[in-house]
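Trainee: Provide a 3D model corresponding to the input given below.
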Amino acid sequence: MAFFEYSFSRFTALVENNALQAAKDIGKVMNVPLSTIQEDVEMINTPNTRAALSNTYPFFSREFLRRHGRDLIAASINWLLIDIVFYSLNLFQYHAFRGLMKSKININLYQDAMQIAKYQALIAICATIPGYIVTVYMIDHVGRVKIQAAGFFFMAISLFTIAKVNKGDWGSNQGPGFIILYGLTFFFSNFGPNTTTFIVPAELLPARFRATCHGISGAVGKLGAIIGLIGFILASREQPKGIEASHTLMAMGGVCVLGFFVTYFFTRETMGRSLEENENVDELTGVWFV
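Mentor: Next up is the predicted model:
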């Protein structure tokens, strides 16, 4: 019990930046020699430690915006952009393989669900899951920013190519080449921003703001999912009210290009640094928003 009282008392004293009180608490509970207490006080009074302890600025402050505003905005925008494309592509799967499936007129509801599930499983096994696996293996060798930028870039190339192949209405002109390109889009989504957008905010932002900032980034990403959903509903309507498939695919490719530039110019790399090192860099030196 005394140990917990000591721990709480010392923690409170350190938070209040009261090094003397913290040292006295150590002596009362643990019977620590005076020399050890003196070393502890000297360590707390070093410039770097004082600077770290003095950084008690709140979330809604200019100091937070100065140090971490760029990281938070870049992480949120990247998450927004990938969710616009990723959720649209998932909703597009039925239309993507419609030309290869039996008409709904000749089958019942369960048979229709089964045939689209087969193609979705094919995409997951051949593209989605391998993308995650390659990311896990390569992320500490290549880097978060490079993987994310490359993912956006190759997603854009795949979508632009599909747009050229898929002329006219949704579900037309499908073949092996179309399926391969469509699968590559999912592969580079997961070997890219669909994985790294979860990692970057957790590593860039300091511990006391990490959960809040990660939640904000994720919420902005879900806003992108809503935008993608509404955009897909409008785009997949039958002509002439709907938008041609090629135009929709080109628009999604343009979103990926924007994600590439945001990643390349505004997202910082964290590879090779621990969470403590990232936080020390942010807390002691700061990162100017502009």
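
Trainee: which helix or strand contains the residue nearest to residue 138 when sequence neighbours are not counted?
Mentor: Nearest non-adjacent residue to residue 138, counting by C-beta to C-beta, 6 or more residues apart in numbering: residue 147, 6.7 Å away. Heads up, the C-betas are built off the backbone N, CA and C, glycines and all. Counting by DSSP states H and E, the element that carries residue 147 is helix 144-165.

Trainee: output the contacting helices and strands for that helix.
Mentor: helix 62-91, helix 129-142, helix 176-190, helix 193-204, helix 245-266 (3 or more C-beta pairs under 8 Å, 6 or more residues apart in numbering; DSSP states H and E).

Trainee: out of those helices, which is closest to residue 272?
Mentor: helix 129-142 (8.0 Å; C-beta to C-beta).

Trainee: what angle do the closest one and helix 144-165 make?
Mentor: Orientation check (axes from the mean of the first three to the mean of the last three C-alpha atoms, to 10 degrees): helix 129-142 against helix 144-165 gives 140 degrees.

Trainee: for the closest residue to residue 223 other than its chain neighbours, what are its contacts?
Mentor: Once flanking residues are discounted, residue 223 sits nearest to residue 80: 6.2 Å by C-beta to C-beta, 6+ apart. By C-beta atoms under 8 Å, 6 or more residues apart in numbering, the residues touching residue 80 are 220, 221, 223, 224, 227.

Trainee: the residue nearest to residue 138 contacts residue 191, doesn't it?
Mentor: Yes. If you go by C-beta atoms under 8 Å, residue 147 and residue 191 touch, sitting 6.7 Å apart.

Trainee: now for the two: what residues contact both?
Mentor: Counting by C-beta under 8 Å, 6+ apart, the shared contacts of residue 147 and residue 191 are 135, 138.

Trainee: give me the more crowded residue out of the two.
Mentor: Neighbours were counted for residue 147 and for residue 191 using other C-beta atoms under 10 Å; residue 191 has more, 30 against 24.

Trainee: ok, so what distance separates that one from residue 153?
Mentor: 12 Å (C-beta to C-beta, to the nearest Å).

Trainee: repeat for residue 77
Mentor: For residue 77 relative to residue 153 (C-beta to C-beta), the value is 16 Å.

Trainee: does residue 56 sit in a helix, a strand or a coil?
Mentor: Under DSSP: H, G, I helix; E, B strand; the rest coil, residue 56 falls in the coil class.

Trainee: residues near it, how many?
Mentor: Residue 56: 10 surrounding residues under other C-beta under 10 Å.

Trainee: can you check residue 122 too?
Mentor: As a burial measure, residue 122 scores 13 neighbours (other C-beta under 10 Å).

Trainee: for the one 4 residues further on, same thing?
Mentor: In terms of burial, residue 126 registers 16 neighbours under the definition other C-beta under 10 Å.

Trainee: didn't it look like it was pressed against residue 183?
Mentor: Yes. Contact criterion C-beta under 8 Å: residue 126 and residue 183 qualify, at 5.6 Å.

Trainee: can you list the weak-confidence ranges in the stretch 101-250 of the chain?
Mentor: Regions of the stretch 101-250 of the chain meeting the criterion pLDDT under 70 cover residues 166-175, 235-244.

Trainee: wait, residue 193 touches residue 74, no?
Mentor: No. Contact criterion C-beta under 8 Å: residue 193 and residue 74 do not qualify, at 11.8 Å.

Trainee: any common contacting residues for the two?
Mentor: residue 263.

Trainee: the more surrounded of those two?
Mentor: Counted by other C-beta under 10 Å, residue 193 and residue 74 do not tie: residue 193 has more neighbours, with 30 against 20.

Trainee: enumerate every residue touching that one.
Mentor: Residues near residue 193 by C-beta under 8 Å, 6+ apart: 78, 79, 81, 82, 148, 151, 152, 259, 263.
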